[in-house]
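S.K.: sequence-free structure coming up:
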C-alpha cells in the first residue's frame, strides 16, 4: 500500500459517512413526515424515490466540485511555491528554518537538516505545502471518486428507510416503525465502523450516530404532523 492510498482512507470514510448518513436521515424525515400528514404509502414511495434521485445526484455533484476545487487550490499553490523557490530562495530557506525551529531543531542539527532539505527540492516543496500552507495533496482522480462515492452512499442511505414500504401494503404505522428500526440499526453500524477504523468506543460512537440521525427523522415527523392537522393545508 502506497502513502497516497493510506492517506486516501480518511477521505473515503468521510465521503461514505457523509453520503449514507445524509441519505438515511433525509429520507427517514420525509417518510415520517408524509406518514404523519397524508397516510398514503404509494405517495411515500414515489416522493422518496424522487428525493433519492435528486439528492444523490446533487450530493455527488457537490462532492465532485468541492474536491475539484481543493485540487485546483493545491495545484495553484504548488506552482506558486515552485516559483518562489526559484525566485526567492533566501525567503523560502528562512521559512523552512522557522518550521524546523518549531520542531525543536537548533544549532548544528538545525543547519544540517536545513542543508539536507535544500538539496532535495521535492522534499522542500512538500514540507512547505504541508507545514506552511497546511494543505494536503489531492490526486487527479479524487474529484471523480469522491463524487461517485458520495452519490452512491446517498442512494444506499435512501433505500434503507424506504425498503419496508415495498412490503407492508397499506399499513403505514408498521412501515414507519420498520423504517425507524432499519435506520437506527444502519446508523449505529456506520458509527461502529467509524470507531473500528479510527478511535473511540464503538458503542458510544454507534449510539451517537443513531441518536443524531433519528432526531432528524423526528423533526420530519413533527413537521408532517403539524401540517397534516392544520386546516386549509
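M.R.: Good, I have the coordinates. Computed from a predicted structure; not experimentally measured.
S.K.: tell me the pLDDT at residue 7?
M.R.: Residue 7 carries a pLDDT value of 46.
S.K.: from residue 122, how far off is residue 112?
M.R.: Per CB to CB, to the nearest Å, residue 112 is found 19 Å from residue 122. C-beta here means a position set from N, CA and C on the backbone, and glycine is covered the same way.
S.K.: of the two, give the one with the bigger neighbour count.
M.R.: residue 112 (12 against 7; other CB atoms under 10 Å).
S.K.: what helix or strand does that one sit in?
M.R.: Counting by DSSP states H and E, the element that carries residue 112 is helix 107-118.
S.K.: swap in residue 105?
M.R.: Counting by DSSP H and E, residue 105 is part of no helix or strand.
S.K.: wait, what's in contact with it?
M.R.: By CB atoms under 8 Å, 6 or more residues apart in numbering, residue 105 lies in contact with residue 113.
S.K.: roughly how far apart are it and residue 123?
M.R.: Distance, residue 105 to residue 123, by CB to CB: 15 Å.
S.K.: re the thing from before, run the chain-centre distance for the helix holding residue 112.
M.R.: Offset of helix 107-118 from its chain centre (CA atoms, centre = their mean, to the nearest Å): 39 Å.
S.K.: give me the residues contacting it.
M.R.: If you take CB under 8 Å, 6+ apart as the criterion, helix 107-118 is touched by 93, 96-97, 100-101, 105, 123-124, 127.
S.K.: longest helix in the protein, please.
M.R.: The longest helix of the chain (DSSP state H) is helix 41-87.
S.K.: now do the buried residues in the helix holding residue 112.
M.R.: Neighbour-count burial for helix 107-118, counted by 16 or more other CB atoms under 10 Å, picks out 113-114, 117.
S.K.: which residues does residue 194 contact?
M.R.: Neighbours of residue 194 in contact, by CB under 8 Å, 6+ apart: 13, 17, 200, 205, 209.
S.K.: tell me which element it is part of?
M.R.: Using DSSP H and E, residue 194 maps to helix 172-197.
S.K.: and the next helix or strand after that helix with helix 172-197, angle?
M.R.: Next helix or strand after helix 172-197 toward the C-terminus (DSSP H and E): helix 202-228. Angle, helix 202-228 to helix 172-197, by axes from the mean of the first three to the mean of the last three CA atoms, to 10 degrees: 150 degrees.
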